[in-house]
Each structure stands twice: as structure tokens, then as C-alpha cells.
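**Q** what would the 3D arrangement of this be:
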Amino acid sequence: MLDFYLIHDSQNPSSKGLDLKRIGGIKDELFFQLQTEGIIDSWFDYYGKFRWGNELVVRMLTKLRGKPNSLTLQHEQTAFIAILQKAVDANSGLLAFGD
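**A** Here you go, the predicted model:
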């Protein structure tokens, strides 16, 4: 599972006492499909740690809304759109941790 946490673009992720709010996660199957479709850039590692700024989150959300839903992963894609929308609504980026 790749877990997503809200983080403001100005926040340092290594700050002492940083309190992150988990807002959801996605499975590897959806992650790799979205990479294949060009929604998620290929250099992001599902099993690692990475950060998406608010501008990138907005761009991915726009791309996802403009493409037809995958029939095989429709529920998972809808959940991922909700994660991105929460970040946009909070004017934040996302910090991801894979396991």
C-alpha cells in the first residue's frame, strides 16, 4: 500500500514534531497503471518515499478527470481522485510512503 499524507508545500518533511494527516492510500496495481497512462511520472517509486507539490497534484487531478475510467480499477481510481481532491481543497501537496 502506498499511503498519502497531507503536507503544505512550505513544510519541511524532516521537521521535528511534524504531524501528518493520512488521507488514504492506493495499491500497486493502480499506481503502475497510472504510470503506464502517464498520469504518474515514471521516476516515482511505489516502494519508496516521495513528495508531490500542490501544483503537481492539481495537474494529476485534471488529467484523471479528463480520461475515461478504467473498468478494472474504477473503484480504486475514484478513491485516488478523492485523495487528490482532498489535497487540492487543503491547498496542500502529498507525501507518500510505500511499503
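
**Q** quick one: buried residues of stretch 29-38?
**A** Of the residues in stretch 29-38, L30, F31, Q33, L34 count as buried by neighbour count, 16 or more other C-beta atoms under 10 Å. Where C-beta positions appear, they are placed from N, C-alpha and C, glycine not excepted.

**Q** ok, and what's touching it?
**A** For stretch 29-38, the surrounding residues in contact (C-beta atoms under 8 Å, 6 or more residues apart in numbering) are 2, 40-42, 44, 46, 63-64, 67, 70, 73, 76-77, 80.

**Q** buried set for stretch 86-99?
**A** For stretch 86-99, by 16+ other C-beta under 10 Å, it's K86, A87, V88, S92, G93, L94, L95, A96, F97, G98.

**Q** chain center to it: distance?
**A** When distances are taken as C-alpha atoms, centre = their mean, to the nearest Å, stretch 86-99 is centred 6 Å away from the chain's centroid.

**Q** okay, that stretch in CSV with CA atoms only?
**A** In CSV, the C-alpha atoms belonging to stretch 86-99 read as follows (Å, rounded to 0.1, in the frame of the first residue of the first chain):
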residue,chain,number,x,y,z
LYS,A,86,-8.6,16.5,-0.5
ALA,A,87,-5.1,17.8,-1.1
VAL,A,88,-6.4,20.4,-3.6
ASP,A,89,-9.1,21.5,-1.2
ALA,A,90,-6.5,21.9,1.6
ASN,A,91,-4.1,23.8,-0.8
SER,A,92,-1.5,21.2,0.0
GLY,A,93,0.7,18.6,-1.5
LEU,A,94,1.1,15.0,-0.7
LEU,A,95,3.8,13.0,1.0
ALA,A,96,3.8,9.3,0.0
PHE,A,97,5.3,6.3,1.9
GLY,A,98,5.3,2.9,0.2
ASP,A,99,5.6,-0.5,1.9
